[in-house]
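Novice: give me a model of this one.
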Amino acid sequence: MAQMNVSIPDALKSWAEHRVAEGRYSSTSDYVRDLIRRDQERADAVAELQAAVDAGRSSGRSDKTISDVIVEAINKYP
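Specialist: All right, here's what the predicted structure looks like:
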């Protein structure tokens, strides 16, 4: 496993130590790894959503009315 040294303000260090003291994390390193993992998951979800938005925008306009879309959705997911 790679090692990384990070400088943070005392208030953030105290916060991380407090989170470890609560018992959910075994160490501040464990806490930081979890934060990075969650940030990575969030970035992946945002990229996936952006790709869906881009695909929708590039697909063009539909001739369907809102009513048509609602009826299709009701029939597809009864």
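Novice: if I look at G56, how far off is Q50?
Specialist: According to CB to CB, to the nearest Å, G56 stands 11 Å off from Q50. Just so you know, the C-beta spots here come from the backbone N, C-alpha and C atoms, and that holds for glycine as well.
Novice: give me every residue that touches R24.
Specialist: The contact partners of R24, by CB atoms under 8 Å, 6 or more residues apart in numbering, come to none.
Novice: where does the residue located most distally from the centre of the chain sit: helix, strand or coil?
Specialist: Among residues of the chain, the one most distant from the C-alpha centroid is D63; the distance is 33.7 Å, by CA atoms, centre = their mean. Local secondary structure at D63 is given as coil here, using DSSP: H, G, I helix; E, B strand; the rest coil.
Novice: can you list the weak-confidence ranges in the protein?
Specialist: Counting by pLDDT under 70, the chain contains no low-confidence range.
Novice: show me what the strand or helix carrying W15 is packed against.
Specialist: In this structure, W15 sits in helix 10-21 according to DSSP states H and E. Identification of packing neighbours for helix 10-21 by 3 or more CB pairs under 8 Å, 6 or more residues apart in numbering; DSSP states H and E yields helix 28-58.
Novice: so what secondary structure elements neighbour the helix it packs on?
Specialist: Packed on helix 28-58, when contacts are counted by 3+ CB pairs under 8 Å, 6+ apart, are helix 10-21.
Novice: can you give the contact residues for the helix it packs on?
Specialist: Against helix 10-21 from outside (CB under 8 Å, 6+ apart): I8, Y25, S26, S27, T28, D30, Y31, V32.
Novice: quick one, what contacts the third one?
Specialist: Okay, so that is S26. S26 sits next to V20 when contact means CB under 8 Å, 6+ apart.
Novice: that one and L12, how far apart?
Specialist: Counting by CB to CB, the separation of S26 from L12 is 19 Å.
Novice: go on, the fourth one?
Specialist: Counting by CB to CB, the gap from S27 to L12 is 15 Å.
Novice: same deal with S59?
Specialist: S59 sits 44 Å away from L12, taking CB to CB as the criterion.
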